[in-house]
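Novice: need a 3D model of the sequence below.
(one chain, ligands or ions: 1)
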Amino acid sequence: MKKTNILIATLLGFAAISAHADVTNAVKLEKKYAAFAKTANPEYSSPSAVDGKFFFNRKIKLANGKEAACASCHTVNPADEGKHIITGKPIKPLSPTVNYKRFSDVDKVEEQFTKHCNDIIGSDCTAAEKANYIAYLLTEKTPSTKQ
Ligand code: HEC
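Specialist: Numbering: from 1, shown residues only. Prediction:
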């Protein structure tokens, strides 16, 4: 009995460790989007964190006349916890360097990209935008110090 408990605890421990391991998944996904982007446009060379940052903060006028950006909910520092502009609910940090769960589930990532890109820019983001976006998020490693 005791042995079984130890075994289960060990297995869970390993599972937790691998789920929190590192940013490998995000980097893999960034490369995958970059490969798609290159197929669509041979002039696309590599993911640009600068373009990703611009995209993240760019305010766009919505159909209701209000302006919003990805940063409106995910905050200007994606290493910080975000806050939903409509519901006020907290959103876990988007940066995979502080939240390793981000960009680990391709289906979820695609679903969220499609939804939020449509919400903000009115269409899905391109593969290039997605690659740049992840490239930028990977550079944001430091949560802001709480005031
Ligand atoms: C109205 C608020 C809001 C805005 C604006 C917003 N998001 Fe999100 N975003 C969320 C919420 C809520 C989640 C999911 C919460 C969670 O998983 O913790 C999320 C999660 C995501 C995820 C999932 C990442 C992962 O692996 O878990 C991606 C990708 C994403 N957003 C991209 C974007 C992009 C790109 C933009 C701008 C075009 C954007 N978001 C703008 C609220 C927003």
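Novice: shouldn't Cys73 be in contact with Pro90?
Specialist: No - under the criterion of C-beta atoms under 8 Å, Cys73 is not in contact with Pro90, lying 10.2 Å apart. (Each C-beta comes from the backbone N, C-alpha and C, glycine too.)
Novice: what about these two, which has more around it?
Specialist: With neighbours defined as other C-beta atoms under 10 Å, Cys73 and Pro90 compare such that Cys73 has more, 19 against 9.
Novice: residue contacts, that one?
Specialist: Shown here is Cys73, whose contacts under the criterion C-beta atoms under 8 Å, 6 or more residues apart in numbering are Gly82, Lys83, His84, Ile85, Ile91.
Novice: what do you get if the cut-off is 6 Å, keeping everything else the same?
Specialist: Shown in contact with Cys73 (C-beta atoms under 6 Å, 6 or more residues apart in numbering): Gly82, His84, Ile85.
Novice: what about the second one, how many neighbours?
Specialist: By other C-beta under 10 Å, 12 other residues sit near His84.
Novice: nothing else from me, thank you.
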